[in-house]
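*Asks:* kindly return the folded structure for what I paste below:
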Amino acid sequence: MSTNDAPSTKPRETDDVPVPATLRKSLKNRHIQLIALGGAIGTGLFYGSSESIALAGPSILLAYLIGGLAIFMIVRALSEMSVEDPKAGAFSYYATRYWSKRAGFISGWNYWFNYILVSMVELAVVGSFVNYWFPAIPTWVSAAVFLVLITAANLLGVSKFGEFEFWFAIIKIVAVIAMILGGLAVIVFALPTASGIKASFANWFTVGGGFFPNGLMGRASDGSWTGLLMALVVVMFSFGGTELIGITAGETEDPRTTIPRATNDIIWRILVFYIGALGVIMAVVPWNTIDGKSSPFVQIFDSVGIHAAAGILNFVCLTAVMSVYNSGLYANSRMLYSLAKQSNAPAYLGRLNSKGVPVAGVLTSAVITAIAVVVVFVWPEFAFNYLMSIATIAGIINWTMIMFTEMKFRKVVASGGAPEDTELAGKTGQEALDAIHFKLPFAKVTPWVVLAFLALVVVLMCFSASYRVAVIAGVIWLAILFVAYQLTQAKK
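*Replies:* The predicted model follows:
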């Protein structure tokens with residue numbers, strides 16, 4: 001950001017970032033808990049975990065723990081601001097309010113475009129899941145039907161969105177827990193497995209080269225890089241969507257209670273649904289036999305004797321895809337609403353219907369997503385190889401801006417610029433910082449540690465041919481956003 005774009009240390013007028021309190025605060029605690037939980041469980045876990053296991057073997061558990069701690073601190077930073085100043089648009093609003101209008105523009109549009117691309121790919125693959133049962137239905141028909149259904153649900157009101165996401169999450173949670181219990185049964189009762197190797201947690205250390213079969217980082221026979229560090233790249237993208245907790249703050253009944261509870265639960269969710277699930281899988285199924293041809297979850301269900309595992313997982317993945325699009329459309333409509341209120345997007349996107357839904361934001365995001373899905377069907381190789389590269393790096397841009405914004409937030413709070421309707425109002429210096437309700441742990445150091453970790457992930461991406469494209473695309477994408485901001489300001 002340029003020096004001219006830096007925020008003043010004086011309290012800013014509320015009208016600088018006007019966000020009228022007209023959105024409905026209808027999301028209950030159970031909605032937030034399950035939205036946060038479901039946000040971390042998607043097709044990336046059910047199918048993408050094969051790639052990460054192949055890179056690091058059993059040491060992938062450490063990668064998920066390290067990456068999980070980083071994402072926990074990122075969400076804690078966002079939640080610190082969300083609890084004190086719950087607004088639609090979350091980090092885009094905070095970037096504008098506590099950093100600069102340019103930062104809010106870049107943060108908001110980056111997040112919106114990121115979810116457009118993610119939604120695009122999820123809708124593009126929904127047809128493959130439907131074809132498992134109904135092969136005669138064209139894939140584009142499936143995509144169109146689910147796009148219309150989820151869009152309609154989002155127009156009904158935020159409480160309906162919460163209900164949809166609640167039940168989508170329940171299905172995913174039940175599937176993972178069933179897999180864990182089934183795997184533990186195989187281990188405890190020493191049931192025979194398809195591999196002929198006795199199921200045991202000792203397999204982490206005795207099968208295929210032990211716990212660190214590829215070390216921290218090394219070259220495979222085909223010249224590609226493997227190891228624990230390279231697995232971090234795949235792992236971090238599995239956590240995309242966890243920050244949705246902050247987006248919901250503006251429509252939560254009691255954000256001061258609900259947001260901290262949902263945020264703190266992230267750690268046990270990661271322990272159970274990533275480390276616990278994959279740990280049990282690699283105890284039952286030798287890690288070096290997980291080749292990605294089928295999901296690790298299918299393999300372990302087969303080991304339990306449930307041969308309908310592929311059909312069960314197909315249904316779970318179908319609900320996971322719908323969940324991602326449901327969350328993406330919700331987040332994008334609120335982001336456009338916030339951008340409009342910041343004068344960083346056309347004013348029509350800030351309009352609400354009688355149910356408190358930013359209907360223009362919902363419909364605009366749905367139409368753009370539909371166009372993007374058409375691109376996938378017409379030019380699938382171009383879409384998946386290049387457009388998704390931007391989506392992957394966009395996640396890191398989001399997280400980076402959240403950490404910088406949290407530091408800016410604390411500076412503004414210390415200078416007396418906290419929101420007027422909070423307990424921080426009228427306080428300055430350390431007194432103001434001590435009054436923050438939900439503090440980021442070790443706030444003077446944590447943001448820099450997280451930023452260093454994210455920088456390491458970007459460096460590691462450069463060692464992979466596929467992810468290297470993402471880094472280049474990310475630089476180009478940021479340049480486009482900077483230019484777009486300057487052009488929009490020049491017209492005013």
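*Asks:* output stretch 229-242 as PDB - backbone C-alpha positions only.
*Replies:* Extracted C-alpha coordinates of stretch 229-242, given in PDB (Å, rounded to 0.1, in the frame of the first residue of the first chain):
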ATOM      1  CA  LEU A 229       7.200 -29.800   3.600                       C
ATOM      2  CA  MET A 230       5.800 -30.400   0.100                       C
ATOM      3  CA  ALA A 231       2.700 -31.900   1.700                       C
ATOM      4  CA  LEU A 232       2.100 -28.600   3.600                       C
ATOM      5  CA  VAL A 233       1.100 -27.000   0.300                       C
ATOM      6  CA  VAL A 234      -1.700 -29.600  -0.300                       C
ATOM      7  CA  VAL A 235      -2.700 -29.500   3.400                       C
ATOM      8  CA  MET A 236      -3.200 -25.700   3.600                       C
ATOM      9  CA  PHE A 237      -5.600 -25.700   0.700                       C
ATOM     10  CA  SER A 238      -7.700 -28.300   2.500                       C
ATOM     11  CA  PHE A 239      -8.400 -25.700   5.200                       C
ATOM     12  CA  GLY A 240      -9.900 -23.200   2.700                       C
ATOM     13  CA  GLY A 241     -13.300 -22.100   3.900                       C
ATOM     14  CA  THR A 242     -12.600 -22.200   7.600                       C
END
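*Asks:* how far off centre is that stretch?
*Replies:* 10 Å (CA atoms, centre = their mean, to the nearest Å).
*Asks:* now stretch 264-281
*Replies:* Counting by CA atoms, centre = their mean, stretch 264-281 comes out at 16 Å from the chain centroid.
*Asks:* just the CA atoms of it, as PDB, please.
*Replies:* Taking C-alpha atoms only, stretch 264-281 is exported to PDB below (Å, rounded to 0.1, in the frame of the first residue of the first chain):
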ATOM      1  CA  ASN A 264     -11.900 -22.400  19.600                       C
ATOM      2  CA  ASP A 265     -13.500 -25.600  18.500                       C
ATOM      3  CA  ILE A 266     -11.400 -25.500  15.300                       C
ATOM      4  CA  ILE A 267      -8.500 -27.300  17.000                       C
ATOM      5  CA  TRP A 268     -10.500 -30.300  18.100                       C
ATOM      6  CA  ARG A 269     -12.200 -30.500  14.700                       C
ATOM      7  CA  ILE A 270      -8.800 -30.700  13.000                       C
ATOM      8  CA  LEU A 271      -7.600 -33.300  15.500                       C
ATOM      9  CA  VAL A 272     -10.700 -35.500  15.000                       C
ATOM     10  CA  PHE A 273     -11.600 -35.000  11.400                       C
ATOM     11  CA  TYR A 274      -8.200 -34.800   9.800                       C
ATOM     12  CA  ILE A 275      -5.600 -36.200  12.100                       C
ATOM     13  CA  GLY A 276      -7.900 -38.800  13.700                       C
ATOM     14  CA  ALA A 277      -9.500 -39.900  10.400                       C
ATOM     15  CA  LEU A 278      -6.300 -40.200   8.400                       C
ATOM     16  CA  GLY A 279      -4.500 -41.800  11.400                       C
ATOM     17  CA  VAL A 280      -7.000 -44.500  11.600                       C
ATOM     18  CA  ILE A 281      -7.000 -45.000   7.800                       C
END
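*Asks:* for that stretch, which residues meet the burial criterion?
*Replies:* For stretch 264-281, the buried set under the neighbour-count rule, 16 or more other CB atoms under 10 Å, comprises Ile266, Arg269, Ile270, Phe273, Tyr274, Ile275, Gly276, Ala277, Leu278, Gly279, Val280, Ile281. To be clear about C-beta, it is placed using only N, CA and C from the backbone, and glycine gets the same treatment.
*Asks:* list the buried residues in the helix or strand hosting Ala169.
*Replies:* Element membership of Ala169 [criterion: DSSP states H and E] is helix 158-188. Buried residues in helix 158-188, defined by neighbour count with 16+ other CB under 10 Å: 158-166, 168-169, 171-173, 175-176, 178-180, 182-183, 186-187.
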